[in-house]
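Trainee: Attaching a predicted model along with its sequence, questions to come.
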Amino acid sequence: VDAAALLREVAMESRASADEHFSGSAWGALLAADPQALDDTARVRNLFFIFRLGVGDATALLDWVLEKLTSNPEWQERVRAEDRAFNAPKGSQPSDVAARVVLETLRMEQSEFLYRRITRPIVVDGFNVPAGWLLRICVSESHRDPAIFPEPDRFNPDRFCGRTFGRAEFSPFGADNHGCLGVPLVHFLGRILVEELCHGFEWRVTRDGPSERGTRHRHHWRPSAERRVAMSPRTPLV
């Protein structure tokens, strides 16, 4: 069974069973707008592609969160000094440390690659870019600008305290109306991981290797697949 057929089967079963969660899902919204969407193979495959990209990017971010906390153990203690937060993180200056850990990880390691196809010749900093070329917008590199982020190579979640960054300064999820749809979910899941790791576990890296990057243009750098981590529950404070 290919991915498109499997998605159709799941959607049909959910709709037939009147699953209360189905209407709020991507499939539910698509079928509410167009009841014939299941018959459009391109739509089904695009939805599956979006799902695969989202899962891959979210997993990679959580992997980097673990790496940053491992490399900067003082932030583990900062998180443990606070109670777990409630509700979704709000605003660009979150009050809880865990949410700021996620923002700083996004800044340093997991900003989206943006490409635009040039429809007419343009000049960028004196360079002629012909129509038809792909232009990469260096979002990740801009997040290392020391004029905006002092000591840009230092992991410092507190840089998100007392300063609001505009979209032109900090945009890890993309730009304009083409940004990631899952921003609130990523922030929420990232913060949960930070809190559960720090409050619930002690860990150490037992084996590691150099960072890796996939073969696709959209792939991010990621911690080594050779890395192994030993974890143990923390002893609750009495």
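Mentor: That came through, no problem.
Trainee: rest of the way, CA atoms for contacts and neighbours
Mentor: Noted.
Trainee: Pull the number of nearby residues for the spatially closest residue to residue 28 that is not a sequence neighbour.
Mentor: Nearest in space to residue 28, with sequence neighbours left out and distances taken as Cα to Cα, 6 or more residues apart in numbering, is residue 22 at 5.3 Å. Residue 22 has 15 neighbouring residues, counting by other Cα atoms under 10 Å.
Trainee: Could you point out the helix or strand that follows the longest helix that the chain contains?
Mentor: For the chain, the longest helix by residue count, based on DSSP state H, is helix 41-71. Remark: after helix 41-71, the chain's next helix or strand is helix 73-80, criterion DSSP states H and E.
Trainee: what mean pLDDT does that next one have?
Mentor: Averaged over helix 73-80, pLDDT sits at 96.
Trainee: and what of stretch 221-229?
Mentor: In this model, stretch 221-229 has an average pLDDT of 92.
Trainee: Need the distance between the two termini of it.
Mentor: The straight-line separation of the ends of stretch 221-229 (Cα to Cα, to the nearest Å) is 19 Å.
Trainee: So which bits of that stretch are buried?
Mentor: 222, 223 (16 or more other Cα atoms under 10 Å).
Trainee: quick one: contacts of it?
Mentor: 60, 63-64, 67, 109-110, 203-214 (Cα atoms under 8 Å, 6 or more residues apart in numbering).
Trainee: could you redo the last one with a cut-off of 6 Å?
Mentor: 204, 205, 206, 207, 208, 209, 210, 211, 212, 213 (Cα atoms under 6 Å, 6 or more residues apart in numbering).
Trainee: Nearest to residue 37 among those residues?
Mentor: residue 213 (35.2 Å; Cα to Cα).
Trainee: Mind listing the residues bridging to the closest one?
Mentor: residue 221 (DSSP bridges).
Trainee: And the pLDDT at it?
Mentor: Residue 213 is given a pLDDT of 85.
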